[in-house]
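S.K.: Can you look at this prediction? I've put the sequence above it.
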Amino acid sequence: MVDLTGSRRNFESETGAEKIYMDKIIVNGNTVDWEEGLTITALLAKMNYTFRMLVIKVNGALVKKDQYDKTLVPPGAEVSVIHLISGG
């Protein structure tokens with residue numbers, strides 16, 4: 001597996017004075033629940049990303065397409081999914 005461990009982010013719930021921290025990730029600015037063993041392939045399926053031409057970055061590191069099944073998304077990661085569009 002590819003290790004892309006980044007800084008762990010903690011998200012505070014809005015339950016008053018009590019702080020509850022959960023494992024989350026950020027995908028294109030959206031907060032998403034993190035799951036143990038979450039790969040890039042599983043994340044793309046979870047987010048319903050089906051576009052064929054994608055660029056994926058995890059904590060700023062580019063992930064090659066042939067590594068999607070092997071790359072685990074760490075808790076607290078910031079994931080960027082960029083759609084490549086061509087035309088003329």
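M.R.: Ah, there it is. Numbering: from 1, shown residues only.

S.K.: now E78, nearest residue through space, not along the chain?
M.R.: Distances taken as C-beta to C-beta, 6 or more residues apart in numbering place I26 nearest to E78, at 4.7 Å, with adjacent residues excluded. Every C-beta, even on glycine, is put in place using the N, C-alpha and C of the backbone.

S.K.: Equivalent analysis for V63, please.
M.R.: Per C-beta to C-beta, 6+ apart, closest to V63 is I56, 4.6 Å.

S.K.: how about the one you found, what does it touch?
M.R.: I56 sits next to I40, L44, L62, V63, Y68, V79, S80, V81, I82 when contact means C-beta atoms under 8 Å, 6 or more residues apart in numbering.

S.K.: Please report which of those residues has the highest neighbour count.
M.R.: Tallying neighbours with other C-beta atoms under 10 Å puts I40 at the head of the contacts of I56, with 25 neighbours.

S.K.: For the residue nearest the centre of the chain, which non-adjacent residue is closest in space?
M.R.: The residue lying closest to the centre of the chain (C-alpha atoms, centre = their mean) is V79, at 3.8 Å. The spatially closest residue to V79, leaving aside those adjacent along the chain, is V27, at 4.7 Å (C-beta to C-beta, 6+ apart).

S.K.: just checking, which of the contacts of I56 belong to strands?
M.R.: Within the contacts of I56, residues falling in strands by DSSP state E are L62, V63, V79, S80, V81, I82.

S.K.: Tally up the residues packed near M47, please.
M.R.: M47: 14 neighbours (other C-beta under 10 Å).

S.K.: pretty sure it is touching D33, no?
M.R.: No. Counting by C-beta atoms under 8 Å, M47 sits too far from D33 to count as a contact (11.4 Å).
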